[in-house]
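**Student:** coordinates only, no sequence provided:
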C-alpha cells in the first residue's frame, strides 16, 4: 500500500496517521522524493483503507501488491516523464537517442562525436570515463579529468551527457559534471550504490543485470525511488544465456512487460544486447518497434580503433543512416 501525503501536512496530522497505522498494526516506511511525500506500507491482513483515506493530511491511498511498489504501474496514472533540462525529455511520448563511444579517449574524439550527434539531432552523448573491465589489464577510462573534458565540450555544444558511475564515493565528485548517472549491469544489485543515488536530484539510468530478471531490475529501481529519487530510467541491455553466437540475448520481450509493470521510461541498448557491429542497426530498429522510450548506442569515428567494445561499435556514417531509419519508423508507428 502507498499512502500519498499532502505537502502541507502538519505534525498533528502526521501523528494521527502514525497512530492509525500503529492501531492497525501496519508497518510503514516514510519516503520523501523530489515530487512527493509517501508512506510505504506492508499490511499483513486486509483492512478498510477508508480508515486511512479519511484522515486529514492524506492525499490518496493506493493498494499495490508486490514488493516493488513505488515503481509499479498499479498506483501511478500514466507514464513518468524524465526531464533532463533544456527541453530534453525521456518517457511518456518523449523519445531519446543517446549515442557515443563506449569509452572517452580524447578531446578530439569528443569533438568529432559531438558534431556527428548535432548533425543527426541527437542531444545526449554516452561515454564512459570509469570502465568496469573483465580483465584488470584492459583500458579502464580517463577518470575524473576525462569526465570534466567530456562535460565541458558537450555543454558548450548543447549536448547532455550520460556516463557510468562505479561506486558510491564517486557521486560527490561526479555530480557537477553529469546529466544522467548510468548504473551498469555489473552494479545492478549494488544496493549501497543504488540507495546513495536515491539521495541525488539527477536522473539515473539502471541497466538490467547480466543474468537479472525483470523483477530484479524493478527491485533495483525501487531502491533508488525509496531513498528519494523518482528520476529513474530502466534499460534492457541483454542478458547472459546459454547462447554463444552473440554477446548477449537482447530480451525485447522485456520492453512491453516493463512498460506494463512500471510507470518508468524504458530504453534499450542494442550495442551490448547483440555485441556484433553488423547487426546493431537491425536490433535498434527492432527495439524501436517494441515501443521503447529511447536507444543507447555505441558509435565511433573509426570503430575498429575504439579503445573498448570495438566489435559492437558502429561508424558515424552508419549511425546517420540508422538515425534516419529510426525517425522514419517512429513516424510510421505514431501515425
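**Tutor:** Looks like it came in fine. Not measured: the values here are computed from a predicted model.

**Student:** can you pull out the strands in the stretch 101-250 of the chain?
**Tutor:** If DSSP state E, counting those that start in this stretch is used as the criterion, the strands of the stretch 101-250 of the chain fall at 124-126, 160-164, 180-183, 204-207, 232-236.

**Student:** of these, which stretch is the most buried?
**Tutor:** With neighbours taken as mean count of other Cβ atoms under 10 Å, those reach their highest mean count in strand 232-236, at a mean of 28. (C-beta placed from N, C-alpha, C; glycine too.)

**Student:** what are the pairing partners of that one, and which direction each?
**Tutor:** In the sheet, strand 232-236 lines up against strand 204-207 (parallel), strand 266-268 (parallel) (DSSP bridges).

**Student:** contacts for the longest one next, please.
**Tutor:** This points to strand 204-207. The list of residues contacting strand 204-207 from outside it, by Cβ atoms under 8 Å, 6 or more residues apart in numbering, reads 162, 180-185, 188, 194, 197, 217, 220-221, 224, 229, 231-235, 237, 267, 269, 296.

**Student:** so residue 29 sits in a helix?
**Tutor:** No - counting by DSSP: H, G, I helix; E, B strand; the rest coil, residue 29 is not part of a helix but strand.

**Student:** domains in this protein, by residue range?
**Tutor:** For the chain, whose domains are defined here by automatic domain parsing, the residue ranges read 2-62, 82-334.

**Student:** mean confidence for the longest one?
**Tutor:** Same thing as domain 82-334. Confidence over domain 82-334 (mean pLDDT, whole number) is 94.

**Student:** just to revisit the earlier point, who wins for proximity to residue 327 among the strands of the stretch 101-250 of the chain?
**Tutor:** Go through the strands of the stretch 101-250 of the chain one by one with Cβ to Cβ and the one that ends up closest to residue 327 is strand 124-126, at 15.7 Å.

**Student:** what sits up against that closest one?
**Tutor:** Judged by Cβ under 8 Å, 6+ apart, the contacts made with strand 124-126 from elsewhere in the structure are 84, 88, 96-101, 110, 113-114, 117, 150, 154, 159-163, 179-180, 182, 296-298.

**Student:** partner strands of that strand, parallel or antiparallel?
**Tutor:** For strand 124-126, the paired strands and their directions (DSSP bridges) are strand 96-100 (parallel), strand 160-164 (parallel).

**Student:** kindly reformat the ones you listed as JSON lines containing distance to residue 244.
**Tutor:** Conversion of the strands paired with strand 124-126 to JSON lines gives the following (distance: least, Cβ to Cβ, whole Å):
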{"stretch": "strand 96-100", "distance to residue 244": "28"}
{"stretch": "strand 160-164", "distance to residue 244": "26"}
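
**Student:** re the thing from before, any chance of the strands of the stretch 101-250 of the chain in TSV, plus distance to residue 320?
**Tutor:** Rendered in TSV, the data for the strands of the stretch 101-250 of the chain read as follows (distance: least, Cβ to Cβ, whole Å):
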stretch	distance to residue 320
strand 124-126	15
strand 160-164	20
strand 180-183	23
strand 204-207	24
strand 232-236	24
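
**Student:** what's the closest of those to residue 19?
**Tutor:** Residue 19 sits nearest to strand 232-236 of all the strands of the stretch 101-250 of the chain, at 32.7 Å, using Cβ to Cβ.

**Student:** ok, and what's touching the closest one?
**Tutor:** Contacts with strand 232-236, where a contact means Cβ under 8 Å, 6+ apart, come from 71, 82, 90-91, 180, 203-208, 217-218, 221, 224-225, 250-252, 254-255, 258, 262, 264-269, 273, 287, 292-294, 296.

**Student:** report the buried residues of stretch 296-305.
**Tutor:** By neighbour count with 16 or more other Cβ atoms under 10 Å, stretch 296-305 contains the buried residues 296-301, 303.

**Student:** and that stretch, how far from the chain's centre?
**Tutor:** Between the mean C-alpha point of stretch 296-305 and the mean C-alpha point of its chain there is a distance of 22 Å (Cα atoms, centre = their mean, to the nearest Å).

**Student:** and the contacts of that stretch?
**Tutor:** Taking Cβ under 8 Å, 6+ apart as the criterion, the residues outside stretch 296-305 that touch it are 97-102, 109, 112-113, 116, 126, 162, 205, 235, 237, 267-272, 277, 280, 284, 306, 309-310, 312-316, 319, 322.

**Student:** quick check: ChimeraX command selecting the buried ones in these.
**Tutor:** Here is the ChimeraX command that selects the buried residues among the contacts of stretch 296-305 (16+ other Cβ under 10 Å):
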select :97,98,99,100,101,102,109,112,113,116,126,162,205,235,237,267,268,269,270,271,272,277,280,284,306,309,310,312,313,314,315,316,319,322
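
**Student:** just the contacts of stretch 296-305: which are in helices?
**Tutor:** 109, 112-113, 116, 270-272, 277, 280, 284, 316, 319, 322 (DSSP state H).

**Student:** export the residues you listed to JSON lines and tack on distance to residue 11?
**Tutor:** As requested, the ones in helices among the contacts of stretch 296-305 are exported to JSON lines (distance: Cβ to Cβ, whole Å):
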{"residue": "109", "distance to residue 11": "55"}
{"residue": "112", "distance to residue 11": "57"}
{"residue": "113", "distance to residue 11": "53"}
{"residue": "116", "distance to residue 11": "55"}
{"residue": "270", "distance to residue 11": "51"}
{"residue": "271", "distance to residue 11": "52"}
{"residue": "272", "distance to residue 11": "49"}
{"residue": "277", "distance to residue 11": "60"}
{"residue": "280", "distance to residue 11": "56"}
{"residue": "284", "distance to residue 11": "53"}
{"residue": "316", "distance to residue 11": "59"}
{"residue": "319", "distance to residue 11": "56"}
{"residue": "322", "distance to residue 11": "56"}
